[in-house]
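>>> Sequence first, then the predicted structure:
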Amino acid sequence: MEVKRDAMRKYAILIMNPCHDPEKDRALLTTSDGTEAHILTVRDPEEALAKAVELADAGFGALEVCGAFGEDLARRMYDAAGHRLTVSYVVCPPDQLDAARAFWGH
């Protein structure tokens, strides 16, 4: 079944790490129906807030962020973008926290 859309849909996945170079560390995936999935990076919360506004201004409808953001920053990004795009964040199940902390070095 073919899905028709009035406008192209764009969403982003945002990863935060001080070692990233947001200008180089990025990717774009496009589906057969024209939906764009952008994988983007930021180095810190300030860049994340600015990126949320930038994405909303560019017509993105959804943003998913990595676990480094947490609920508070995800909500601040949603507010900063004027509630023009949803901001979801990754949550690690409680039974996996020790393994996640070991991997991330916490």
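That came through fine.

>>> right, and Thr86 touches Tyr78 too?
Yes - applying C-beta atoms under 8 Å as the test, Thr86 and Tyr78 come out as touching, 7.1 Å apart. Backbone N, C-alpha and C define where each C-beta goes, glycine included.

>>> out of those two, which sits in the busier spot?
Neighbour count, other C-beta atoms under 10 Å: between Thr86 and Tyr78, Tyr78 has more, with 18 against 14.

>>> how close does the more buried one get to Ala52?
7 Å (C-beta to C-beta, to the nearest Å).

>>> okay, and the common contacts of those two?
Common neighbours of Tyr78 and Ala52, using C-beta atoms under 8 Å, 6 or more residues apart in numbering, are Leu85, Val87.

>>> Give the rounded mean pLDDT of stretch 89-106.
Stretch 89-106 carries an average pLDDT of 86.

>>> Need the CA coordinates for it. PDB is fine.
Output of stretch 89-106 as PDB, limited to C-alpha atoms (Å, rounded to 0.1, in the frame of the first residue of the first chain):
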ATOM      1  CA  TYR A  89      14.400  10.600  25.100                       C
ATOM      2  CA  VAL A  90      15.900   7.200  25.600                       C
ATOM      3  CA  VAL A  91      15.400   5.600  29.000                       C
ATOM      4  CA  CYS A  92      17.500   2.600  30.100                       C
ATOM      5  CA  PRO A  93      15.400  -0.100  32.000                       C
ATOM      6  CA  PRO A  94      16.400  -0.200  35.700                       C
ATOM      7  CA  ASP A  95      17.600  -3.800  35.400                       C
ATOM      8  CA  GLN A  96      20.200  -2.700  32.800                       C
ATOM      9  CA  LEU A  97      21.500   0.400  34.600                       C
ATOM     10  CA  ASP A  98      24.700  -1.300  36.000                       C
ATOM     11  CA  ALA A  99      25.600  -2.600  32.500                       C
ATOM     12  CA  ALA A 100      24.900   0.800  30.900                       C
ATOM     13  CA  ARG A 101      27.000   2.600  33.500                       C
ATOM     14  CA  ALA A 102      29.900   0.200  33.000                       C
ATOM     15  CA  PHE A 103      29.800   0.700  29.300                       C
ATOM     16  CA  TRP A 104      29.700   4.500  29.500                       C
ATOM     17  CA  GLY A 105      32.300   4.600  32.300                       C
ATOM     18  CA  HIS A 106      30.200   6.000  35.100                       C
END
